[in-house]
Each structure stands twice: as structure tokens, then as C-alpha cells.
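Visitor: model the structure of this input:
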Amino acid sequence: MTPDDLQPELSRRDQAINHAADLLREGGPDALTSVAVAGRMGITQSAVYRHVRDMEELSALAAEVVVSEMARTLNEILLDPTVDWDEIDDVGNLCGALIDLMTANERSFAVVDQWRFVDGALGAGIRKMIDDGCDLIAVILEFRWREEFGGDTKLTTKERTAIAAHGRAVYDDGCAVARLARSPGCPFGRGELADILQYRVIAGWSVFVIDMNDLTGLPFPAIDLTSGMAADAVRTPTSVSC
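Guide: Residues are numbered from 1 along each chain as shown. Now for the predicted structure:
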């Protein structure tokens, strides 16, 4: 009897996909082979292909499992309705939750980081998740900016391109901290990593506001990094407080 025999509610196809996803998390694409999947299922190598068309299909399905579960958790954190982006403590708590996600899913983050540029279904699935994450951050940035500064300002293609670029930059900052968190001998604890991420989020938001106000012809914003966010009041650029 194999471990999968204890889970009759899962089809053999679903079992193959789950094992393939586990192999991806543990060792990346090189670890995902029909022999390895067959070994975990307790079946012959050829029997794997009774449940999936080929390894290309199985790789695509496994990648979708890995990246979609990460994306779902990431979205829940970023869209938490209890977070007040004007409160630095709330931003700090959000960054702490992101650090917890990064460390709890260290291998999954490593798969995304290391295999985002590979050819085939795995790379395509990872790149789509990254694009979706960047788009979500861009939406949050625009929404917050409109609430405080932009109102119902109609945006040009250039301005929307700038928003997308800032969304990607914030995402990349998060990836950099995730990389640091899983680096061998990382000297920082959970709280320190959350602080590093918080500083980067605050800086990214402030730069975004300055850029958008400049592009749309709005006044230069007052920036108070001690409170964490761009303020509603305006000053000349020489009076920015840091």
C-alpha cells in the first residue's frame, strides 16, 4: 500500500500533480522526473502517463499548484481590509506577515526565484504569477495615490506605464528581502527582516507619489518618513523631511 492509497478522494491524476508539485518545491525542475513521480506514487514509470499526457503537461500543472498557492496567500496579505496604509504600525504588521510567508514557503520562493526564466510551462507559469503580483501592487499603489492625491485624474499611457514600473519595483524589493531571508547564515531575525522590508515599502511608496505627482502636474508632496507615508500637505522639494 502506498501513501496515496490512504487518500482515495484524490484521483491518480491529482496525486501525480501533487507529487510533482512537491518535487518542484524540494529540488526545482531537475528533480521533477517521471521516475521520481512514479516512485512516490508506488507505480511504474510508464504508468504515470496513464494519468497525464506527458511531462510537459505535468510540469505545467505542478507549476500552477506551486505558484497559485503562493499567489493566493500573497493576495490575502496585500488585500487585508484591516490594514490602514496611513498607519506605520499597520504597514509594519503587513511586512511581518510577508516575512512569515517568505520563510514558511522558502523552497517555493526559491523555485520562483531560480526558475522564472526557464523555457516551457514552468517558466511561463512563474512569469504569469509574477506579472499578476506586480499588477496587484500597481493597483494598490494607484488606489492609494488617488485617495490622497490624484482623485479622478485621467491617466495617460505614459502615466499608466509608470505605475506598472513602480509596481514591479516594489515587487522586486520584496523578492530581494526574500532572497536575503533564505540566504545561508542570514544575520537578521524575523523582526529585523520585517523592518528592512517596511523601509523599502515606505521608500517605494514615497518615490511613487513624487513621480506620479510630477507626471500629472500635481504639487510636490510633503514626505514624512517618520510616519511612513507621503502626507497630504505640499511643500517645495527643498523642504522634504526625512
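Visitor: how close does Gly189 sit to His51?
Guide: Going from Gly189 to His51 by Cβ to Cβ, to the nearest Å gives 44 Å. To be clear about C-beta, it is placed using only N, CA and C from the backbone, and glycine gets the same treatment.
Visitor: what does Ile140 give?
Guide: From Ile140 across to His51, the span is 40 Å (Cβ to Cβ).
Visitor: show me the strands in this protein, by range?
Guide: In the chain, the strands defined using DSSP state E lie at 221-224, 229-234.
Visitor: among the ones you listed, which gets the worst mean confidence?
Guide: Of all the strands of the chain, strand 229-234 carries the lowest average pLDDT, namely a mean of 50.
Visitor: ok, and the closest non-adjacent residue to the residue nearest to the spatial centre of the chain?
Guide: Nearest to the mean C-alpha position of the chain, by Cα atoms, centre = their mean, lies Gly133 at 5.3 Å. Once flanking residues are discounted, Gly133 sits nearest to Tyr171: 5.6 Å by Cβ to Cβ, 6 or more residues apart in numbering.
Visitor: so the one you found touches Asp135, yeah?
Guide: No - shown here, Tyr171 and Asp135 do not form a contact pair, counting by Cβ atoms under 8 Å, at 9.6 Å.
Visitor: of the two, which one has the most company?
Guide: Tyr171 (20 against 15; other Cβ atoms under 10 Å).
Visitor: for that one, give me its contacts.
Guide: Ile130, Gly133, Cys134, Ile137 (Cβ atoms under 8 Å, 6 or more residues apart in numbering).
Visitor: and of those residues, the nearest to Phe117?
Guide: Lowest distance from Phe117 to these (Cβ to Cβ) belongs to Ile130, with 10.7 Å.
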